[in-house]
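Peer 1: Sharing a model prediction with you, sequence too.
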Amino acid sequence: MRDEEIVAAARAIRAELPELWVGDGAARAAEVDALLRCAANGQRVGDRILALLTSDSATRRELRRRLPREEDTYRQAPPLGSYSALAGHGDPSKGVVYRCSVCDYSYPLFEVGEPVPEGCPDGHGPLVRVV
């Protein structure tokens, strides 16, 4: 949704705001007026208007009714057939390996900055860097 659409919807429901906001409707409508003036001066205030108008269920309903509907394409699954697995087995690449000097336990590092265990899980002492 673009700033222009939010500002246009805010202008459309501006006259109804004091009635929609129970209690402090006039004060909050004045905030919207100030933001609309900023928008008229070329400032991008769509997010602030959106936050203000969606803070109440009645104004949120009116705003939703007046904003253009957009198809949600962000969370769509990719078309079938777009993923293909890599051929072969997922063996770790040659990298840094830590081993126990007593038993056969080894711990390969797969990522930079990955923490290394302090010692052998069997209690034989610290692991030694091999590769």
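Peer 2: Great, that's in hand.

Peer 1: Listing request: residues of the chain with sub-threshold pLDDT.
Peer 2: Across the chain, the ranges flagged by pLDDT under 70 are 1, 22, 71-94.

Peer 1: which residues touch the lengthiest helix in it?
Peer 2: For the chain, the longest helix by residue count, based on DSSP state H, is helix 25-40. Contact with helix 25-40 is made by 3, 7, 10-11, 14, 17-19, 21, 45-46, 48-49, 52-53, as judged by Cβ atoms under 8 Å, 6 or more residues apart in numbering. Backbone N, C-alpha and C define where each C-beta goes, glycine included.

Peer 1: try stretch 105-117
Peer 2: Outside stretch 105-117, the residues touching it (Cβ under 8 Å, 6+ apart) are 92, 95-100, 120-122, 124, 127, 130.

Peer 1: Now do the end-to-end distance for it.
Peer 2: End-to-end span of stretch 105-117 (Cα to Cα, to the nearest Å): 12 Å.

Peer 1: in that stretch, what counts as buried?
Peer 2: Going by neighbour count (16 or more other Cβ atoms under 10 Å), the buried part of stretch 105-117 is Y105, Y107, P108, L109.

Peer 1: which of those residues sit farthest apart?
Peer 2: Farthest-apart pair in these is Y105 and L109; separation 14.4 Å (Cβ to Cβ).

Peer 1: Filter the contacts of stretch 105-117 down to just the ones in strands.
Peer 2: Judged by DSSP state E, the subset of the contacts of stretch 105-117 located in strands is V97, Y98, R99.

Peer 1: Just the buried residues from these, in ChimeraX please.
Peer 2: In ChimeraX, this line selects whichever of these come out buried by 16+ other Cβ under 10 Å:
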select :98,99
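
Peer 1: re earlier: including secondary structure, could the buried residues of stretch 105-117 go into JSON lines?
Peer 2: Compiled in JSON lines, these are given as follows (DSSP: H, G, I helix; E, B strand; the rest coil):
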{"residue": "Y105", "secondary structure": "coil"}
{"residue": "Y107", "secondary structure": "strand"}
{"residue": "P108", "secondary structure": "strand"}
{"residue": "L109", "secondary structure": "coil"}
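
Peer 1: Thanks a lot, see you next time.
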